[in-house]
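> sequence and predicted structure, then a few things I'm wondering about:
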Amino acid sequence: MDVVKIVQQRCVAALAAASLGWVSGCATEAQSLVDESITGTAAPAIIGANVTEVLVYDNPDLADDLPREVPVVVSFKDNKPNVVFQIGCGSNYGPLLEGFGYPRTLDLNQAAFYDSFDAMKAQIERDAGGQVPIHTLRCDADPNVTRQQIFQVYRRVDADLGKGEAEYYLRLRDDPGTIYSVGCSNVLSALSWTKADGSNLEQVSIPINRAVLDVWKAQEIAAREINCHSSTGRALPRARRDLPQQPSEKSYTAEAELYLVRYPFTGIRTRVTPYLIAGGKGYAINCGSNADMMKQAFGFDPAATLEELSTSDPRFTASDPDRQPHLACDRSVKIFQTADQSPSARYLQLDGGKSLVRFTCPRAASFFAEGAPAAQSIPRAAVPYLFVDPNAPASQSRMLEVGCWGPGRARMAQLFFWVFGREPSDGELESTTSLYEELHSGTGDPREAEAQTMASLAFAVAAGLTDPLNDILGRAVGNGKRSNPRRTNLDGGRVFGEERTYFTNEINESADQAFRYGLYRWVNDRVVNATPPSRDELNASYDWAFGCGQTPVTVGACPAPEGVAWWISEFYEPANKDKNYTRRSLEAEHAKYLKKCSDRASGCFYEIENVTSRACHRSGRSCVGDASWADYIAAMIRDGWIPANYASVICLVETGGNPGADASGCRRER
């Protein structure tokens, strides 16, 4: 790609650097061609000497927390600037420059220089013929923080390489309205999304195909390129073409109940509206006087008298009324069918909404699919990423399940699953059905009979007659972590002993509620709706505050089991589900606690003694267990001379208690 016309005015002075083998943004004979090792495995249109350019602008006011001289990488498309990235890493800009294929030792004095951001922006926009998005990429010692700048990476399984189609894409967290093709593996490793060698790219990317890109295009998602220079650009691996088979979707979830309700649903003019509740969510039926066929599709008798549900009834208020798509007889439907499940699951977009609905019983699915265009086949893993909410860049597509009414095999399997978290065998299904029928004959109330059925199965667990509670908790917590919408694949689904202990105690304290709601379901709902940090983040926060992993010599339990248990109870307390715990928020809480412990009367002064001894061990000073040193550290924390964290404490120890007049040299955050 030749960009000489765009940057010709900048190239004259730079040609003196030809002996280096590159001239930023200039196409000359002195520039090397794309390496053979790269052209053999990656599209030359996105790794080359002339598809990116490094600029620098002066930032004397340190605006936006950027350095005095800000390196900028411009990515070109069709000879015009396409996207711009400022590097906000201070003097440590090298790794991110390498992320765009430049040497990390690149001499910025040889890059085009502008005396202000506005001057640079104006030139870029003149070259581009319009506005160009400008993003800031930042560095952090914690790779998890750096990684958060990317929302998701995708790999295309059907790219036509002969047409120059990209195989890898990413979406930035601060720009949900754009999908970027990725030019080299450097970008992903520099932003800590992959390992340094990119070997885990398949595991950390979502498979997509042309149909997914078409859906994004229909939403007016912009398409841009992140290209790479050939100096250090590393080719991306070929995207795997086949799709491994995924487990099929369960067909017995979200059983439905039908009511009448007087509520002003958006776009519905009836005074009394049929209202379907499935999986706890409510769906207004918009068919006017022609609702009988839809009722039949969901397994209801059209002639049956429906209960009228008050708008103050908890069943209604808890169903998120008017937030789900209406189920309309006159409807527009698009169908997305999974390409890697057998049987394939079908997800329906109703009337152009942002939600996807899976009808779990064939009769209802067929009713809504009738007359719709042919289904578009997509990978199952791509389904949650089909629709983008520009106001919530980290969110996924809202996926809803709607089942049909019926106390038959499907409903009995659902009750069993809610207790055990697994599918029943034929014998278990038969015994569950018999139990329900016996209880229903006594109560006459289907809802109460279901609750009693689940409670009876839970009593069998408590009596040791069936699955151990520990196994049920493992499935409930593990599956909850994997499906938590706000904590993607939390801990890889690992379940820790403190979590098993916590939920065992919670079940014991709320046995009636947990038994009647379903043991698995009761625990799984708590985990799915929580916002805990990962265990790695929790451990890292302890290490930051207390120095747990800083010395091979054990000085007190760190983190203490009772401390971890306390945090587990905080994370999964329903009242805390929206607290959004992060490593930084935990560090702040640890610091408050450690400062409180700096008072000998606090009852936790031993924490000060332990963190002091850890610092003494690490520094090699003979102050381990020295009460005077502990008192000194406590006073420095208590009086606000240093922050309450291990880095500040060990600084004081290493300076022998002489950090300077105001101790500013030991005020450490990292």
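It's in. Numbers count the residues shown, from 1 in each chain.
> for Met208, give the beta-bridge partners.
Quick fix: residue 208 is Ile, not Met. Partner residues in beta bridges with Ile208, using DSSP bridges, are Arg156.
> roughly how far does it sit from Ala166?
In this structure, Ile208 lies at 11 Å from Ala166, with Cβ to Cβ, to the nearest Å as the measure. Glycine gets a C-beta too; all of them are placed from N, C-alpha and C.
> same question for Gln376.
20 Å.
> Asn290 too?
Taking Cβ to Cβ as the measure, Asn290 falls 48 Å from Ala166.
> look at the two and report which has more neighbours.
It is Ala166, of Asn290 and Ala166, that has more neighbours when counted by other Cβ atoms under 10 Å, with 24 against 9.
> quick check: which ranges of this protein have low pLDDT?
When the per-residue scores of the chain are filtered using pLDDT under 70, the ranges that remain are 1-46, 250-254, 390, 393-394, 406-408, 660-662.
> how far away is the residue nearest the centre of it from Val83?
The geometric centre of the chain, computed from its C-alpha atoms, lies nearest to Thr488 (Cα atoms, centre = their mean), at 4.2 Å. Distance from Thr488 to Val83, counting by Cβ to Cβ: 25 Å.
> try Cys184
Using Cβ to Cβ, one obtains 15 Å as the distance from Cys184 to Val83.
> for Lys77, same thing?
Counting by Cβ to Cβ, the gap between Lys77 and Val83 amounts to 8 Å.
> quick check: neighbours shared by Ile208 and Ala166?
Among the neighbours of Ile208, those also in contact with Ala166 (Cβ atoms under 8 Å, 6 or more residues apart in numbering) are Arg156.
> name the helix or strand for the nearest residue to Gln349 once chain neighbours are set aside, please.
Counting by Cβ to Cβ, 6 or more residues apart in numbering, Gln349 lies nearest to Lys334, which is 4.4 Å off, once chain neighbours are set aside. Using DSSP states H and E, the element containing Lys334 is strand 333-338.
> likewise for Val153?
Counting by DSSP H and E, Val153 is part of strand 150-156.
> which other helices and strands contact that strand?
In terms of contacts (3 or more Cβ pairs under 8 Å, 6 or more residues apart in numbering; DSSP states H and E), strand 150-156 is packed against strand 168-172, strand 206-208, helix 210-218.
> turn the ones you listed into TSV, including distance to Ala159 and mean neighbour count.
Below are these laid out as TSV (distance: least, Cβ to Cβ, whole Å; neighbours: other Cβ atoms under 10 Å):
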stretch	distance to Ala159	mean neighbour count
strand 168-172	9	22
strand 206-208	10	22
helix 210-218	8	17
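> reformat those as JSON lines; add distance to Glu450.
Compiled in JSON lines, the helices and strands packed on strand 150-156 are given as follows (distance: least, Cβ to Cβ, whole Å):
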{"stretch": "strand 168-172", "distance to Glu450": "42"}
{"stretch": "strand 206-208", "distance to Glu450": "37"}
{"stretch": "helix 210-218", "distance to Glu450": "38"}
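> quick one: which of those is nearest Thr194?
Across the helices and strands packed on strand 150-156, Thr194 has its closest neighbour in strand 168-172 (10.5 Å, Cβ to Cβ).
> tell me what angle that closest one forms with helix 210-218.
40 degrees (axes from the mean of the first three to the mean of the last three Cα atoms, to 10 degrees).
> need the contact list for the residue nearest to Ser622 when sequence neighbours are not counted.
Taking Cβ to Cβ, 6+ apart, and ignoring the residues beside it in sequence, Ser622 has Cys616 as its nearest neighbour in space, at 7.5 Å. Listed by Cβ under 8 Å, 6+ apart, the contact partners of Cys616 are Ser622, Cys623, Val624, Asp626, Trp629, Val653.
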